[in-house]
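Undergrad: heads up, no residue letters with this:
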C-alpha cells in the first residue's frame, strides 16, 4: 500500500514566545523539524512526505536543509493556508494520485515513536482511520453556559495527538466538503468524524512522550534552563579610492573618495557580518559572498546582512547586542551615527539600545591615519532561541 505523510509546519507558534517558527529552533543541537523528519524516515513506512510551510519560512527551510539535511523523505513542499485546515488541505492536494494511506502530523511533535506511527498506519489500513490517543489522567470538568459545572468520567475520555492517519481518498473528500461548507475544526479527526461518523483511536508505546512543543518553557526544559551564548569578532579594511561612494552602516557619507571593493565596500557592515558568521562558526564573508561572483557586484552590504541574519535565525539564535567601531581619520562621522545605529538595529532585528556604533581616529598613524583607507571592528553576541 502506498503510504505518505503530510508534515504540517506552517504555524507561527506565538505561544512559544520565540522570534520565528518554533520548528526551526534547536533541541540539543538539532532542530525540532529535523527531529520530526528523522522519526518519519526511520519508521521506514513511508514512500515520501509533503512538508507544509508558511511562505515566509521557505528560506529558513532551505538553510536548515543545507545544515541538517538532506531530508530525503520530503518529496515536495506545499504552502500553508489561513488556517490549519487549509494548510492540511494544501498538503493533501500535493500528494500523488496513487497515495492510499496518509499520516497527518504536526512538526511540533518531534518525539513521535515508530510504535505510534505503526499503530496509526495499521488501524487506517484496516478501518480507514487511526488516531493516536492517551488516557486523560486529570479530572475534567465541563462548564455550561449557565456557569454550572459537570464532572466528566475520565475513564471514557482520551486526549488525541498526531499522527492522525486516514484512507487518503476519504480524508481528501472530507477536506473538500469542509472547505465548501465552511466547517471549522480543530483537527482532522474531528473533520473525519463529522463526515464519516467513525474515528478509530489507538494507543501505543511512546504516546506519552509524543508531546507537542508549545510554550517557551517546553524549549527551556529540553535545552536546559541556561541559554546558549555565542560571541563573534569581526574585522575588515578597505582602501579609499576616487570615483567611489563612501557608504558606512548603510549611510552614504559625502567625501572626496569612497571605499574600494566588489560590493559597496561598507567596511563597518562587513566587520559586523564577519562577527555574526564567526559566532556561528561559519567562516567569513569571503566564503559566503566571494568577489568572483558577479551577483554581488555593487550590492548593498545591508542586503548581504539580511542573508547573514537568515543564517543566524535558521541556526536558532538571535542577536543579543552588537558593537561596531569604525577607524577613520576623516571624514568626521559623529553627525551620521544616529542613522547608522538605526540601520544596523533594523538589519539585526533588535531595538536600537542593543546596538552601538562608534568611530575613532588613529592620531594620523597607520593607513587609516594617513587617509589611505578605513577599517572597522565588530563584536556580536548571539543568544539561543530557548532563552528568547
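TA: In hand now; what should we look at? These figures come from a predicted structure and were not determined experimentally. Numbering: from 1, shown residues only.
Undergrad: Name the helix or strand of this protein that has the lowest mean pLDDT.
TA: Counting by mean pLDDT, DSSP states H and E, the weakest-scoring helix or strand in the chain turns out to be helix 216-223, with a mean of 74.
Undergrad: Give the other helices and strands that it contacts.
TA: Helix 216-223 is packed against strand 26-27, with contacts defined by 3 or more CB pairs under 8 Å, 6 or more residues apart in numbering; DSSP states H and E. C-beta: built from backbone N, CA, C; applies to glycine.
Undergrad: Relative to the whole chain's centre, how far out is the strand it packs on?
TA: 11 Å (CA atoms, centre = their mean, to the nearest Å).
Undergrad: So which elements touch whatever helix or strand comes next after the least confident helix or strand of the chain?
TA: Where DSSP states H and E defines the elements, the next helix or strand beyond helix 216-223 is strand 229-241. In this structure, strand 229-241 packs against strand 258-259, helix 267-279, strand 373-384, with contacts taken as 3+ CB pairs under 8 Å, 6+ apart.
Undergrad: And the first one, what does it pack against?
TA: I take that to be strand 258-259. In terms of contacts (3+ CB pairs under 8 Å, 6+ apart), strand 258-259 is packed against strand 229-241, strand 246-248.
Undergrad: Please, where are all the strands along the stretch 101-250 of the chain?
TA: Counting by DSSP state E, counting those that start in this stretch, one finds strands in the stretch 101-250 of the chain at the ranges 101-106, 129-135, 141-143, 149-151, 158-167, 201-202, 229-241, 246-248.
Undergrad: May I have the strands that pair with the fourth one, each with its orientation?
TA: Each strand that pairs with strand 149-151, with its direction, by DSSP bridges: strand 141-143 (antiparallel).
Undergrad: who touches the strand it pairs with?
TA: In this structure, residues lying in contact with strand 141-143 by CB atoms under 8 Å, 6 or more residues apart in numbering are 149-152.
Undergrad: what ranges do the strands span in the stretch 251-388 of the chain?
TA: In order along the chain, the stretch 251-388 of the chain carries the following strands (DSSP E, counting those that start in this stretch): 251-253, 258-259, 317-327, 355-360, 373-384.
Undergrad: could these go into CSV alongside mean pLDDT?
TA: Conversion of these to CSV gives the following (pLDDT from 0 to 100):
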stretch, mean pLDDT
strand 251-253, 96
strand 258-259, 96
strand 317-327, 95
strand 355-360, 97
strand 373-384, 95
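Undergrad: Now render those strands as CSV, adding mean neighbour count.
TA: Shown next, in CSV, are the strands of the stretch 251-388 of the chain (neighbours: other CB atoms under 10 Å):
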stretch, mean neighbour count
strand 251-253, 17
strand 258-259, 24
strand 317-327, 21
strand 355-360, 19
strand 373-384, 22
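Undergrad: so where's the stretch 201-350 of the chain shaky on pLDDT?
TA: Along the stretch 201-350 of the chain, segments meeting pLDDT under 70 span 223-227.
Undergrad: how does it look with 90?
TA: With pLDDT under 90 as the threshold, the stretch 201-350 of the chain has low-confidence stretches at 206, 214-229, 313-318, 350.
Undergrad: re earlier: so which of the helices and strands packed on strand 258-259 comes closest to residue 329?
TA: Comparing those against residue 329 with CB to CB, the closest turns out to be strand 229-241 (10.2 Å).
Undergrad: May I see the buried residues of that closest one?
TA: Of the residues in strand 229-241, those with enough neighbours to count as buried (16 or more other CB atoms under 10 Å) are 230, 232, 234-238, 240.
Undergrad: measure stretch 91-103 end to end?
TA: The stretch stretch 91-103 measures 11 Å between its terminal residues, going by CA to CA, to the nearest Å.
Undergrad: Neighbours of the nearest residue to residue 307 once chain neighbours are set aside, how many?
TA: Excluding its sequence neighbours, the residue lying closest to residue 307 (CB to CB, 6 or more residues apart in numbering) is residue 288, at 7.4 Å. Neighbour count for residue 288, taken as other CB atoms under 10 Å: 16.
Undergrad: any idea how far residue 379 is from residue 288?
TA: 19 Å (CB to CB, to the nearest Å).
Undergrad: Distance of the nearest residue to residue 109 once chain neighbours are set aside relative to residue 126?
TA: The spatial neighbour of residue 109 that comes closest, neighbours along the chain excluded (CB to CB, 6+ apart), is residue 212 at 5.1 Å. The spacing between residue 212 and residue 126, counted by CB to CB, is 27 Å.
Undergrad: Tell me which of those two has more neighbours.
TA: Regarding residue 212 and residue 126, a neighbour count based on other CB under 10 Å identifies residue 212 as having more, with 13 against 10.
Undergrad: ok, residues contacting stretch 196-214?
TA: Outside stretch 196-214, the residues that touch it by CB under 8 Å, 6+ apart are 13, 15-16, 22, 32, 106, 108-116, 118-120, 123-124, 127-135, 158, 160-161, 170, 174, 189, 192-193, 218-219, 222.
Undergrad: likewise stretch 156-166?
TA: With CB under 8 Å, 6+ apart as the contact definition, stretch 156-166 has outside contacts at 5, 101-106, 109, 112, 116-117, 120-121, 123-124, 128-136, 140, 187-189, 192, 201, 207, 210, 212.
Undergrad: Of the contacts of stretch 196-214, keep whichever come out buried.
TA: Of the members of these, the ones counted as buried by neighbours, 16+ other CB under 10 Å, are 13, 16, 22, 32, 106, 108-114, 116, 118-120, 123-124, 128-134, 160-161, 170, 174, 189, 192-193, 218-219, 222.
Undergrad: re earlier: just want the angle from the least confident helix or strand of the chain to strand 373-384.
TA: What separates the directions of helix 216-223 and strand 373-384 is an angle of 100 degrees, with axes from the mean of the first three to the mean of the last three CA atoms, to 10 degrees.
Undergrad: still on that earlier bit, make CSV out of the buried residues of strand 229-241 and add distance to residue 364.
TA: Putting the buried residues of strand 229-241 into CSV (distance: CB to CB, whole Å) gives the following:
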residue, distance to residue 364
230, 37
232, 31
234, 25
235, 21
236, 21
237, 17
238, 19
240, 15
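Undergrad: now, which of those residues sits nearest residue 370?
TA: Nearest to residue 370 among the buried residues of strand 229-241 is residue 240, at 10.1 Å by CB to CB.
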